[in-house]
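K.L.:
below is the structure, and that's it, no one-letter string:
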């Protein structure tokens, strides 16, 4: 690893952690600030969303479909095996696994496939593709 890579790599690790923490605690505005204004996101079976306003719909949809009435309210995302490829000093790609715990235990899991840009000294998501590899039959996020 070259010395100039340390700062961008740690900033990207922090960005991924803040995404999970803000999403799990319902801080959607703070979560959206982690995206570039023109970012793109695709989550599982949803259409591609472009820009922060469209990306917001991914999270409002998830909250709307969650079946909280029979369960305590908590969501805990965990990521593992974050592999970061710096393309240059201003752009990068990564991929990692995620697992989500809720009151039912392991709720669902998959992969994040991301692209990043450094904007005014801050790393942001420019693209996030969320795959769904599996889901518990008791998932609180199963469609009704």
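P.N.:
Okay, I see it. This one's a predicted model, so the numbers in the text were calculated from it and none came from an experiment.

K.L.:
what packs against the longest helix along the chain?
P.N.:
Looking across the chain with DSSP state H, the single longest helix is helix 6-24. When contacts are defined as 3 or more CB pairs under 8 Å, 6 or more residues apart in numbering; DSSP states H and E, helix 6-24 sits against helix 28-32, strand 76-88, strand 91-102, strand 105-119, strand 122-135. Backbone N, C-alpha and C define where each C-beta goes, glycine included.

K.L.:
a markdown table for these, including mean pLDDT, mean neighbour count and distance to residue 55?
P.N.:
Below are the helices and strands packed on helix 6-24 laid out as a markdown table (pLDDT from 0 to 100; neighbours: other CB atoms under 10 Å; distance: least, CB to CB, whole Å):
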| stretch | mean pLDDT | mean neighbour count | distance to residue 55 |
| --- | --- | --- | --- |
| helix 28-32 | 96 | 16 | 6 |
| strand 76-88 | 97 | 13 | 16 |
| strand 91-102 | 97 | 18 | 17 |
| strand 105-119 | 97 | 18 | 13 |
| strand 122-135 | 96 | 17 | 8 |
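
K.L.:
for residue 4, find the nearest of those.
P.N.:
Nearest of these to residue 4, taken as CB to CB: strand 76-88 at 8.7 Å.

K.L.:
list the strands paired with the closest one, with their directions.
P.N.:
Next to strand 76-88 in the sheet, as set by DSSP bridges, lie strand 91-102 (antiparallel).
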